[in-house]
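**Q** Mind folding the following:
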Amino acid sequence: IAWIEEHRASAWIVFIFTYITATVMLLPAFVLTLAAGFVFGLPFGVALVSAGSTLGACGAFLIGRYFARGWVEKRIENHSGFRALDLATHHEGFVIVFLVRLSPVFPFNLINYGLSLTAVRFRDYAIATWIGMLPVTVLYVYIGTAASDLSQIVGGELDAGWAGRVSLFAGLAATVVLIAFITRKATRVLGQHLERELHDEAESQ
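**A** Next up, the predicted model:
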């Protein structure tokens, strides 16, 4: 944090590069998302995380599709859901990727590589990934900003008053409820798509 404060002009480049690296290396990046809110604030933090996560996801996708297919196949061979994903992306690549990003059914980092083996076009994958990850990105970045404020309030360093505290908690609660609704809806629709694809394949055989 101290380094970022002293190097604001270049800190965002380092942050995005770090996020891309973490995503490609299958490392959990949600800590970086929280840190973005804490350090950069909500608007700029969302922009940086959105850029880093989307570029990282695209990098993993390209690596899986052109350089590491065998490794990816071994990593996902025990995940039966990827078979249904592969079938579904033949017809509705953009929609399926978008729903996957909204739903927590598939792990974020692994799905980047798993989708590289499907028929989805890179353009559809990139755009759907960017849009689909925005709600969760906003949530975690917001939590990061809230944690910063809450630590100051609890430590007695900032007197936000009751109005400030209520506003903070209300905003966070509303965001959580919205994300929960979106992910539940996306999970249900995604399940219907995948079930239909598997049913059609079974009938064709």
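
**Q** residues touching V120, list them.
**A** By CB atoms under 8 Å, 6 or more residues apart in numbering, the contact set of V120 is T89, G93, F94, I96, V97. (C-beta placed from N, C-alpha, C; glycine too.)

**Q** how far away is the first one from G144?
**A** Meaning T89. Separation of T89 from G144 (CB to CB, to the nearest Å): 33 Å.

**Q** Now that we have the contacts of V120, which of them are buried?
**A** Buried positions within the contacts of V120, assessed by neighbour count (16 or more other CB atoms under 10 Å), are T89, G93, F94, I96, V97.

**Q** Need the max-distance pair from those residues.
**A** Using CB to CB, the buried ones among the contacts of V120 span at most 9.0 Å, a distance reached by T89 and F94.

**Q** mind listing the helices for this protein?
**A** 2-6, 8-24, 30-40, 42-66, 69-76, 81-102, 108-114, 122-154, 161-204 (DSSP state H).

**Q** tilt between the second one and helix 42-66?
**A** Calculated by axes from the mean of the first three to the mean of the last three CA atoms, to 10 degrees, helix 8-24 forms an angle of 40 degrees with helix 42-66.

**Q** So for helix 8-24, mean pLDDT?
**A** Mean pLDDT, helix 8-24: 90.

**Q** who does that helix touch, helix- and strand-wise?
**A** Judged by 3 or more CB pairs under 8 Å, 6 or more residues apart in numbering; DSSP states H and E, helix 8-24 is in contact with helix 2-6, helix 30-40, helix 42-66.

**Q** What lies in contact with it?
**A** 3-4, 7, 27-29, 32, 36, 39-40, 44, 48-49, 51-53, 55-57, 59-60, 63, 109, 112.

**Q** among the residues you listed, which ones are buried?
**A** Using 16+ other CB under 10 Å, the buried members of the contacts of helix 8-24 are 29, 32, 36, 39-40, 48-49, 51-53, 55-57, 60, 63, 109, 112.

**Q** wait, doesn't Y140 sit right on L32?
**A** No. Contact criterion CB atoms under 8 Å: Y140 and L32 do not qualify, at 9.4 Å.

**Q** what's the overlap in contacts for these two?
**A** Counting by CB under 8 Å, 6+ apart, the contacts common to Y140 and L32 are V49.

**Q** Least reliable of the helices of the chain by average pLDDT, please.
**A** Mean pLDDT is lowest for helix 161-204 among these, at a mean of 61.

**Q** Let me know the distance separating the nearest residue to F30 once chain neighbours are set aside from I4.
**A** Counting by CB to CB, 6 or more residues apart in numbering, F30 lies nearest to Y140, which is 6.0 Å off, once chain neighbours are set aside. To I4, Y140 is 18 Å away according to CB to CB.

**Q** Also L115?
**A** Distance, L115 to I4, by CB to CB: 33 Å.

**Q** And I96, by the same measure?
**A** Noted for I96: a distance of 37 Å to I4, by CB to CB.
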